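1. Predicted coordinates and the sequence they were generated for:
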Protein chains: 2
Amino acid sequence: MSSLALLHASQLVTLAGPARPRVGKELSELAIIRDAGILIRDGKIERVGPSDEIERILNANCIQDLEAARNVKTVDLGGRVALPGFVDAHTHLVFAGNRLDDFERRARGETYQQIAEAGGGIWSTVEKTRAATEDELFNQAKKRVDWFLKCGTTTIEAKSGYGLTLEDELKILRVIRRLNDETKLEIVPTFLGAHAVPRETSAAKHVDLVINEMLPLVAKQKLAEFCDVFCERGYFDLEQSRKVLTAAKMLRLKLRGHVDQLSNSGGAKLMAELKAATADHLEKTDEQGIAALKSANVQPVLLPGSVYALGSTSYPHARAMIDAGLAVVLATDFNPGSSPTASMPMALSLACTQLKMSPAEAITAATINAAHSLNRGDKIGSLEPGKTANVAVFDCEDYRELAYWFGISQVQGVYVHGQQI
Amino acid sequence: MSSLALLHASQLVTLAGPARPRVGKELSELAIIRDAGILIRDGKIERVGPSDEIERILNANCIQDLEAARNVKTVDLGGRVALPGFVDAHTHLVFAGNRLDDFERRARGETYQQIAEAGGGIWSTVEKTRAATEDELFNQAKKRVDWFLKCGTTTIEAKSGYGLTLEDELKILRVIRRLNDETKLEIVPTFLGAHAVPRETSAAKHVDLVINEMLPLVAKQKLAEFCDVFCERGYFDLEQSRKVLTAAKMLRLKLRGHVDQLSNSGGAKLMAELKAATADHLEKTDEQGIAALKSANVQPVLLPGSVYALGSTSYPHARAMIDAGLAVVLATDFNPGSSPTASMPMALSLACTQLKMSPAEAITAATINAAHSLNRGDKIGSLEPGKTANVAVFDCEDYRELAYWFGISQVQGVYVHGQQI
């Protein structure tokens, strides 16, 4: 049995609370303990509390058991802030290359859709990803895994979707599995075979391929926990999205969806109808859509990074969603086209400055609520006894500084299963 | 004589070119050398060129002079991108405390002006800064100096302006001098005694104090190279700003100005009339203002960080300024109220996504043009023989990645006067 005690956090942001996603005023309740510590045993949190309480337990244990005493390590956090590692519930981790040319074109004033129509956009990434070997994809993604960890994120969701053939989608999902196995980052896999309509086929035919060939194999090989679809004009319409997600549900995959990003197509309502875990983006969702999400307890996943990076001002209506009682989640949308950021602190900054969320609401949305949206609310997302000891330490005294100082790294240390990375 | 050779940059972004600020298409000309190196001797750049050329020179030197050979160090940059260290031409480095409460209030929807009227804003920082000792201010600013260096910035301009009494303004300027002397960051001091109207007096009386008491002492003690003023409704009007800057000019200080940030008050024209070095902010400047700046060769300093952090969308018209032939500068506006970022890569991201500048234009604006605006175009801001060896190395292969991936640090190494920090 090895023990680790982290002591003297100025603020230990525990997010202890009810064992369910937080809504309304609960989003502001971080359950902070001042001058606090955590006792970790074999990768799990055994106790959180004031530093002197943790030290007393530690000393008592050591007197009883000399063997244990030799295996105790204590770390003085020196008055820094400690949080549960961030949980990033929406990323496109695995792809080949980058989209620097699109980025330059967008700086010249071209829109996302113009660039896509001109042959850039998703399709250029699909071509490069298809051409890449599994090892190449793994090695490129590994650098990005380090970015996430260095930003204090210890769990991410990762979607396929840049392959769009049976073989290439499975290839991406296998790379995600290997990254989960071989790196310190926990990665929750989502199948997004209906991410775009491949050039070589039609939306209807691609939906058939997804349903009849891809989904059964993905489910059989247990390569994904969730299924996602891009429900949008020019991608997959409501009926096609419903077909894909319904088929996935039959195979016991849980559901997420890219909806109402560029237009209000009723995507939020569809996710409510299907009792999805999450509805993601929602930049164009109206009051009726919000009410539908509430009625089915679907969690909205807000992705301000893509709004920012696309130079748009159509941020999702976070305040209306919080007021309606939705258990809001905040994520990076890490991807090469519309949101090239792996930084959850950057997402916090965007949430506070652009979505008008408070720093506390943003942190709840980036930790415990995100964990629940990934079906892991009982294991991660808060610092409570019994949970995995994933902890991020920041070189500041007040948790609000995480969202306030932007563009710089305040991460001082990251622990995964109680091991410093 | 000690020598250092940095070899094998994938792209050495030299910004070599005419010995003056770059305008129009010149902003896009980065003078990149591929697989390149730099030979540094005693803190100065001796040669830049292809790696094999640098290696040949190195070998020839070593054969001639065995003593020199012992003092040569080579560093393989491993295919990374190298740039001149960023030059941040507008910061408010020295202040006490932070403005976390204002930040939270703004997230609740209050405006900059509402917060100021309610007793937050600049005034709360002035009170804390007045109460702080020189050592306290130094120690708080030292952490921020590290942020700048870690983001790849090697020179900044820093303004006083949170003291607003003779004694407290001099105190801040002395702290700036000490930071310049005792840290690796080069800091160019600017006197901003007319940053806000102190509660205890009127704008007119404060202008008298600035002109009759502060400016003569600042000049006599050589505590500043530039004088700045906040020309804005509720701060100092055009006539008051003209008086302050004219007095500063008589004392041989060069001029900068906070103008047209919240309203178009003719500030750009005033800076043209006074032949200032820079006109900063310019969010509300119109075509006439731009034409005036052009006629007097005043450099616009664009500060998208404060627009972003205030949750505004009134970004300055960078494209119109570039089209008009202005030598645009990009800076962070680092300050606790409206732009809590020390990251020039973040400013590059904002420039490309919000101001619609190209990555190359943004880099020119953040290096050589910024250096010229600080009267140091002959010493820093580009990698050319004879210049100071201030170099930033980034863990990517293409310079555009600096602006593309946002919120994460790609800085791999920073050299100041040829010394790695």
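-> Structure's in. What do you need?

2. where exactly do the helices run in the stretch 101-250 of chain A?
-> Using DSSP state H, counting those that start in this stretch, the helices assigned to the stretch 101-250 of chain A run over residues A:112-117, A:122-131, A:134-150, A:166-182, A:203-209, A:215-220, A:238-250.

3. where among the ones you listed is the average confidence lowest?
-> Note on the helices of the stretch 101-250 of chain A: helix A:112-117 shows the lowest mean pLDDT, a mean of 78.

4. what packs against it?
-> Here helix A:112-117 touches helix A:100-107, going by 3 or more CB pairs under 8 Å, 6 or more residues apart in numbering or on different chains; DSSP states H and E. For glycine as for every other residue, the C-beta is placed from the backbone atoms N, C-alpha and C.

5. hey, C-alpha coordinates of the helix it packs on in PDB?
-> The C-alpha trace of helix A:100-107 is given here as PDB (Å, rounded to 0.1, in the frame of the first residue of the first chain):
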ATOM      1  CA  LEU A 100      -3.000  25.800 -41.200                       C
ATOM      2  CA  ASP A 101      -4.100  26.700 -44.700                       C
ATOM      3  CA  ASP A 102      -7.700  26.900 -43.700                       C
ATOM      4  CA  PHE A 103      -6.700  29.000 -40.700                       C
ATOM      5  CA  GLU A 104      -4.900  31.500 -43.000                       C
ATOM      6  CA  ARG A 105      -7.800  31.600 -45.300                       C
ATOM      7  CA  ARG A 106     -10.200  32.300 -42.500                       C
ATOM      8  CA  ALA A 107      -8.000  35.200 -41.300                       C
END
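
6. Make a markdown table from the helices of the stretch 101-250 of chain A and add distance to A:Glu104 and mean neighbour count to it.
-> Shown next, in a markdown table, are the helices of the stretch 101-250 of chain A (distance: least, CB to CB, whole Å; neighbours: other CB atoms under 10 Å in any protein chain shown):
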| stretch | distance to A:Glu104 | mean neighbour count |
| --- | --- | --- |
| helix A:112-117 | 10 | 16 |
| helix A:122-131 | 13 | 20 |
| helix A:134-150 | 21 | 18 |
| helix A:166-182 | 26 | 20 |
| helix A:203-209 | 30 | 17 |
| helix A:215-220 | 35 | 17 |
| helix A:238-250 | 32 | 19 |
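
7. SS state for A:Ser349?
-> helix (DSSP: H, G, I helix; E, B strand; the rest coil).

8. That one: how many residues sit nearby?
-> 27 (other CB atoms under 10 Å in any protein chain shown).

9. how far away is it from A:Ala247?
-> 39 Å (CB to CB, to the nearest Å).

10. likewise A:Val13?
-> As defined by CB to CB, A:Val13 lies at a distance of 40 Å from A:Ala247.

11. ditto for A:Gly49
-> Taken as CB to CB, the span from A:Gly49 to A:Ala247 is 48 Å.

12. Repeat that for A:Val414.
-> Note on A:Val414: its distance to A:Ala247, by CB to CB, is 38 Å.

13. A:Pro304 too?
-> Look at A:Pro304 and A:Ala247: by CB to CB, they are 31 Å apart.

14. do the same with A:Leu137
-> Counting by CB to CB, the gap from A:Leu137 to A:Ala247 is 26 Å.

15. Show the model's pLDDT score for A:Gly413.
-> Among the per-residue scores, A:Gly413 holds a pLDDT of 98.

16. and it, how many neighbours?
-> A:Gly413: 17 neighbours (other CB under 10 Å).

17. Spell out which helix or strand contains the closest residue to it other than its chain neighbours, please.
-> Counting by CB to CB, 6 or more residues apart in numbering or on different chains, A:Val393 is the residue found nearest to A:Gly413 once chain neighbours are left out, at 4.2 Å. Assessed by DSSP states H and E, A:Val393 sits inside strand A:391-394.

18. touching chain B at all, the helix or strand following that strand?
-> Moving toward the C-terminus from strand A:391-394, the next helix or strand (DSSP H and E) is helix A:401-404. Yes - interface with chain B: helix A:401-404 contributes A:Glu401, A:Ala403, A:Tyr404 (CB under 8 Å from any CB of the partner chain).

19. separation between A:Val307 and chain B?
-> 10 Å (CB to the nearest CB, to the nearest Å).

20. I meant to write A:Gly193 there.
-> 27 Å.

21. now do A:Trp123
-> Distance, A:Trp123 to chain B, by CB to the nearest CB: 19 Å.

22. what does the average pLDDT come to for the host helix or strand of A:His372?
-> Using DSSP H and E, A:His372 falls within helix A:368-373. Averaged over helix A:368-373, pLDDT sits at 98.

23. for it, the distance to its chain's centre please.
-> Relative to the chain's own centre, helix A:368-373 is displaced by 9 Å; criterion: CA atoms, centre = their mean, to the nearest Å.

24. Stretch A:58-77 now?
-> With CA atoms, centre = their mean, you get 35 Å for stretch A:58-77.

25. How about stretch A:151-160?
-> Chain-centre distance of stretch A:151-160: 5 Å, with CA atoms, centre = their mean.

26. One more: stretch A:151-170?
-> 12 Å.

27. quick one: is that stretch near chain B?
-> Yes - residues of stretch A:151-170 contacting chain B under CB under 8 Å from any CB: A:Cys151.

28. With only the CA atoms kept, save that stretch in CSV.
-> Taking C-alpha atoms only, stretch A:151-170 is exported to CSV below (Å, rounded to 0.1, in the frame of the first residue of the first chain):
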residue,chain,number,x,y,z
CYS,A,151,-3.2,21.9,-19.1
GLY,A,152,-4.5,20.0,-16.1
THR,A,153,-6.9,17.7,-18.0
THR,A,154,-6.9,14.0,-16.9
THR,A,155,-9.9,12.6,-18.8
ILE,A,156,-11.1,13.4,-22.2
GLU,A,157,-13.8,12.1,-24.5
ALA,A,158,-12.4,11.5,-28.1
LYS,A,159,-14.4,11.0,-31.2
SER,A,160,-13.6,9.2,-34.4
GLY,A,161,-15.0,10.8,-37.6
TYR,A,162,-12.1,11.7,-39.8
GLY,A,163,-12.0,8.3,-41.5
LEU,A,164,-15.6,7.8,-42.8
THR,A,165,-14.9,4.4,-44.2
LEU,A,166,-15.4,1.2,-42.1
GLU,A,167,-11.7,0.5,-42.1
ASP,A,168,-10.6,4.1,-41.3
GLU,A,169,-13.2,4.6,-38.5
LEU,A,170,-12.1,1.4,-36.8
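
29. Check which residues of it are buried.
-> Neighbour-count burial for stretch A:151-170 flags A:151-165, A:168-170 (criterion: 16 or more other CB atoms under 10 Å in any protein chain shown).

30. Okay, and which of these map to strands?
-> A:Thr153, A:Thr154, A:Thr155, A:Ile156, A:Glu157, A:Ala158, A:Lys159 (DSSP state E).

31. from those residues, which two are the most distant?
-> A:Thr154 and A:Lys159 (18.5 Å; CB to CB).

32. sorry, back to before: please compare the residues of helix A:401-404 next to chain B by their distance to chain B and name the closest.
-> For the residues of helix A:401-404 next to chain B, the minimum distance to chain B (CB to the nearest CB) is 4.9 Å, reached by A:Tyr404.

33. quick one: that closest one from A:Cys352, how far?
-> From A:Tyr404 across to A:Cys352, the span is 8 Å (CB to CB).

34. Now the common contact residues for these two.
-> Common contact partners of A:Tyr404 and A:Cys352 (CB atoms under 8 Å, 6 or more residues apart in numbering or on different chains): A:Pro359, B:Phe103.

35. returning to what we had before: what's next to the strand holding A:Val393, contact-wise?
-> With CB under 8 Å, 6+ apart as the contact definition, strand A:391-394 has outside contacts at A:6, A:9, A:38, A:77, A:80-86, A:152-154, A:383, A:401-402, A:410-415.

36. Pick out the residue of the stretch 151-300 of chain A closest to chain B.
-> A:Cys151 (6.4 Å).

37. mind listing what that residue touches?
-> Shown in contact with A:Cys151 (CB under 8 Å, 6+ apart): A:Phe86, A:Ala342, A:Ser343, A:Met344, A:Pro345, A:Met346, A:Ser409, A:Val411, B:Gly407, B:Ile408.
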